[in-house]
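In: Structure of the sequence below:
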Amino acid sequence: MKIERIATTLVDVPLRAPIGTAIHSIRSVGCVLVDVTTVDGAIGQSFAFTLNGDRLRALDETVTGLAHLAVGRPVYETTAIWDAIWNEINPTGHKGTTVSALSAIDVACWDAWGRTLGQPLHRVFGACRDSVDTYASSGLWLNASIDELVAEAAEFVAQGFRAVKLRIGSDDPDVDVARVRAVRTAVGDDIGLLVDANQKFTPKQAIRLGRRLEEFGLLWFEEPVSADDLVGHADARAALDTPIASGETEYTRFGMQAMLDARAADVLMPDLQRIGGYTEFRRAAAAAASRHVPVSSHFFTEHSLALAGSLSNCISVEHVDWFAPLFHEHAELCDGRLLVPDRPGHGFTFDPAAVDRYRVR
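Out: All right, here's what the predicted structure looks like:
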């Protein structure tokens, strides 16, 4: 059951159309696909990504440069592998590309172990559910017109989603209010509505806008201020009735602990790539649970389902379809909830034809 090799493949997956947020313009996602192969033939898979494929080769070199710390170890020694990589990256830092590479190796090792056992990972971790709430997050971007938002929101509801997320962050708050009002009117009061400002505002701006948005019954107001302004987050949280969600930009359990200590968010949103993989996500979720704070995974829809099926304080998984073209299998929506796969490992495998189609040559 020892790890024989770790291989990477670079792909660049175009989005259906360029999109915009308050801080990004995105046309594609470049991915480092990771295969962990054991001497017994089990293959665990994962990926890390960069927007628009920027710095993709640097991410790949970091993954391959850390692979030797896992090769030759039993695949079930996930914690030992995680610790070895954590110690190795100390000189270059415990944030950024180094943690992204650690995360990709960790997820692939866990997947290989689940496949060796022939068991879904949420059962290996200790299952608590077989489906989880979700929200449509592949649309309703800042660059869309109100007419486009209304049509897209209606389409998400027709697909079976019971909640949708809208990006805000216009320079004119009246524009944001009008956009939220239009989407709320389009989907009705029975559909959950979330907004994401992508760190656009100062705390005072966020509070002023947040008060105007409270009439729409939002499920949460995400990243209202700069991710590193934990005091600003806490000020917005104290001033508003709408829950504050944040944490996708924080790294490892230490970043989550800082947010918990600052009382910066009502919902923490660990990102599987930035948090440190399955091993560290579970630690961060446990820290949040000790404060009675729920978590909701950011991006990585397919690979986050194993966590959602085993963490009792995970309230939802973000549904993003950017990476879906890479997989044989697809996340299944049933009665507005995502099903946790009962296939071995995390339950998803890369489609070789798709990998070849999007390969960076």
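In: So if we follow the domain assignment, how does this structure break up?
Out: 3-118+352-358, 123-339 (automatic domain parsing).
In: The last one: how far from the chain's middle?
Out: The chain centroid and the centroid of domain 123-339 are separated by 9 Å under C-alpha atoms, centre = their mean, to the nearest Å.
In: mind checking which helix or strand the closest residue to I146 other than its chain neighbours is in?
Out: In space, and not counting its chain neighbours, I146 is closest to A182: 4.8 Å by C-beta to C-beta, 6 or more residues apart in numbering. Every C-beta, even on glycine, is put in place using the N, C-alpha and C of the backbone. A182 is part of helix 173-187, with elements assigned from DSSP states H and E.
In: tell me the contacts of Q159?
Out: By C-beta atoms under 8 Å, 6 or more residues apart in numbering, Q159 lies in contact with A136, L333.
In: again with A245
Out: L194, W220, F221, E222, E223, A265, D266, V267, L268, M269, S296.
In: what mean pLDDT would you report for the lengthiest helix in the chain?
Out: The longest helix of the chain (DSSP state H) is helix 97-117. The average pLDDT for helix 97-117 rounds to 98.
In: next one: stretch 325-332
Out: Here the average pLDDT along stretch 325-332 is 97.
In: List of residues touching that stretch?
Out: Residues outside stretch 325-332 that contact it (C-beta under 8 Å, 6+ apart): 11, 13, 31, 33, 47, 301-302, 305, 319, 324, 338-339, 341, 343, 347-351, 354-355, 358.
In: Pretty sure S296 sits in a strand.
Out: Yes. According to DSSP: H, G, I helix; E, B strand; the rest coil, S296 belongs to a strand.
In: Could you give the number of residues near it?
Out: Neighbourhood size, S296 [other C-beta atoms under 10 Å]: 27.
In: Use 182 as the first number for this chain going forward.
Out: With 182 as the first residue, the last one maps to S477.
In: Surely it is in contact with H500?
Out: No. Using C-beta atoms under 8 Å, S477 is not in contact with H500, being 11.3 Å away.
In: What helix or strand is the nearest residue to A489 once chain neighbours are set aside located in?
Out: Nearest non-adjacent residue to A489, counting by C-beta to C-beta, 6+ apart: V313, 4.1 Å away. Per DSSP H and E, V313 falls inside strand 312-317.
In: CA-only coordinates of that strand in PDB, if you can.
Out: Extracted C-alpha coordinates of strand 312-317, given in PDB (Å, rounded to 0.1, in the frame of the first residue of the first chain):
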ATOM      1  CA  SER A 312     -26.900  14.700   1.000                       C
ATOM      2  CA  VAL A 313     -26.200  18.400   1.800                       C
ATOM      3  CA  ASP A 314     -27.600  21.800   1.000                       C
ATOM      4  CA  THR A 315     -26.100  23.700  -1.900                       C
ATOM      5  CA  TYR A 316     -26.500  27.000  -3.800                       C
ATOM      6  CA  ALA A 317     -25.900  27.800  -7.400                       C
END
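In: What ranges does this protein have for its strands?
Out: Secondary structure of the chain by DSSP state E: the strands cover 184-201, 206-219, 224-232, 312-317, 344-348, 373-377, 401-403, 425-427, 448-449, 476-478, 495-500, 514-515, 518-520.
In: So which of the ones you listed is nearest P301?
Out: strand 518-520 (11.2 Å; C-beta to C-beta).
In: Contacts for that closest one, please.
Out: With contact meaning C-beta under 8 Å, 6+ apart, strand 518-520 is reached by 311-315, 343, 482, 486, 489, 498, 500, 512-514.
In: Including distance to G369 and neighbour count, could those residues go into a markdown table?
Out: Output for the contacts of strand 518-520, formatted as a markdown table (distance: C-beta to C-beta, whole Å; neighbours: other C-beta atoms under 10 Å):
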| residue | distance to G369 | neighbour count |
| --- | --- | --- |
| D311 | 28 | 16 |
| S312 | 23 | 17 |
| V313 | 23 | 22 |
| D314 | 18 | 17 |
| T315 | 18 | 24 |
| R343 | 11 | 18 |
| T482 | 25 | 25 |
| L486 | 28 | 29 |
| A489 | 26 | 26 |
| V498 | 23 | 28 |
| H500 | 19 | 22 |
| A512 | 24 | 21 |
| E513 | 25 | 12 |
| L514 | 19 | 17 |
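In: So which of those residues is the closest to L323?
Out: Nearest to L323 among the contacts of strand 518-520, with distances taken as C-beta to C-beta, is H500, at 18.6 Å.
In: on that earlier part again, angle of the strand holding V313 against strand 373-377?
Out: If you take axes from the mean of the first three to the mean of the last three C-alpha atoms, to 10 degrees, strand 312-317 sits at 60 degrees to strand 373-377.
In: Give me the helices and strands touching strand 312-317, please.
Out: strand 344-348, helix 482-489, strand 495-500, strand 518-520 (3 or more C-beta pairs under 8 Å, 6 or more residues apart in numbering; DSSP states H and E).
In: winner for burial among the ones you listed?
Out: Mean neighbours per residue, mean count of other C-beta atoms under 10 Å, is largest over the helices and strands packed on strand 312-317 for helix 482-489, with a mean of 27.
In: averaged over its residues, what pLDDT does that helix have?
Out: 98.
In: got the angle between it and strand 312-317?
Out: Using the same axes, to 10 degrees, helix 482-489 lies at 140 degrees relative to strand 312-317.
In: Pull the residues that contact helix 482-489.
Out: 227, 288, 291, 295, 301-303, 306, 310, 313, 315, 453, 459, 462-463, 466, 478, 495, 497-502, 504-505, 508, 510, 512, 519-522, 526-529.
In: List only buried entries from the residues you listed.
Out: Among the contacts of helix 482-489, the ones that count as buried by 16 or more other C-beta atoms under 10 Å are 227, 288, 291, 295, 301-303, 306, 313, 315, 453, 459, 462-463, 466, 478, 495, 497-502, 504-505, 508, 512, 519-522, 526-529.
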